[in-house]
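Novice: coords please:
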Amino acid sequence: MTAPAKHCIFCDLLNGAGEVSMCYEDSNAIAFMDIQPVNLGHLLVVPREHFETLSDVPPDLAMHLFDVALRLAPVVRRLNGADDINIVVNSGTAAGQNVFHYHVHLIPRKAGDGFDIPLPFPGSSMPDRTLLDAMAARMIAELRDPVRRNIARVLVGASA
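Specialist: As a prediction, this is how the structure comes out:
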């Protein structure tokens, strides 16, 4: 667990220091309506325990939060008459995170609603295939490295 370095509005909300429009809760997670929604029905899935970014969240909890998001997504779409939905995680300052208590956004979408997460990014260019292949090979090697896996297990076990 990452101790809150600064004041955390989500921890305040979890501890009853503010109003939330709760739409889901269990022993590890809650979901509530975003107070600055992209569209009506925009909600946040939040762990009860404070973790700042995705890299801080234990894998089993991250999977649980995504499972909650997947269970809520069709309900959000149906109740809001949405055509589609974005499930978004901004993890870290460079990724646009501004509340440093990890959370998952569910954003109901309708054609022409004006919100956009443009992918492919218009400012990017297509790299040479050899660069893509090299990065993929590095990722495979990293995932298969038994020393790195053992170190990760020890670190995760030490923080538990």
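Novice: now what about the longest helix along the chain, what contacts it?
Specialist: In the chain, ranked by residue count with DSSP state H as the criterion, the top helix is helix 59-80. Helix 59-80 is contacted by residues 23-24, 26, 28-29, 31, 39-41, 43, 45-47, 49, 51, 54, 57, 82-85, 87, 102, 104, 106, 108, 156 when judged by C-beta atoms under 8 Å, 6 or more residues apart in numbering. Every C-beta, even on glycine, is put in place using the N, C-alpha and C of the backbone.
Novice: just the buried ones among those, please.
Specialist: 23-24, 29, 31, 39, 41, 43, 45-47, 49, 51, 54, 57, 82, 85, 102, 104, 106, 108 (16 or more other C-beta atoms under 10 Å).
Novice: in strands only, show me the residues you listed.
Specialist: Assigned to strands by DSSP state E, the following of the buried ones among the contacts of helix 59-80 qualify: 23-24, 29, 31, 43, 45-47, 85, 104, 106, 108.
Novice: please identify which of those is nearest to residue 12.
Specialist: Comparing these against residue 12 with C-beta to C-beta picks out residue 46 as the nearest, at 11.9 Å.
Novice: returning to that earlier point: so the longest helix of the chain versus strand 104-109, what angle?
Specialist: Put simply, helix 59-80 runs at 20 degrees to strand 104-109, going by axes from the mean of the first three to the mean of the last three C-alpha atoms, to 10 degrees.
Novice: distance from the chain centre to helix 59-80, please.
Specialist: Offset of helix 59-80 from its chain centre (C-alpha atoms, centre = their mean, to the nearest Å): 11 Å.
Novice: so for that helix, mean pLDDT?
Specialist: Helix 59-80 comes out with an average pLDDT of 97.
Novice: export only the CA atoms of it, formatted as CSV.
Specialist: The C-alpha coordinates for helix 59-80 follow below in CSV (Å, rounded to 0.1, in the frame of the first residue of the first chain):
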residue,chain,number,x,y,z
PRO,A,59,-2.7,-7.3,-9.5
ASP,A,60,-5.6,-9.1,-7.9
LEU,A,61,-7.2,-5.8,-6.8
ALA,A,62,-6.6,-4.2,-10.3
MET,A,63,-8.4,-7.2,-11.8
HIS,A,64,-11.2,-6.9,-9.4
LEU,A,65,-11.6,-3.2,-10.2
PHE,A,66,-11.7,-3.9,-13.9
ASP,A,67,-14.2,-6.7,-13.3
VAL,A,68,-16.5,-4.2,-11.5
ALA,A,69,-16.1,-1.8,-14.4
LEU,A,70,-17.1,-4.6,-16.8
ARG,A,71,-20.2,-5.4,-14.8
LEU,A,72,-21.2,-1.8,-14.6
ALA,A,73,-20.5,-0.9,-18.3
PRO,A,74,-23.7,-2.5,-19.8
VAL,A,75,-25.8,-0.9,-17.0
VAL,A,76,-24.3,2.5,-17.7
ARG,A,77,-24.8,2.2,-21.4
ARG,A,78,-28.4,1.0,-21.1
LEU,A,79,-29.5,3.6,-18.4
ASN,A,80,-27.9,6.5,-20.3
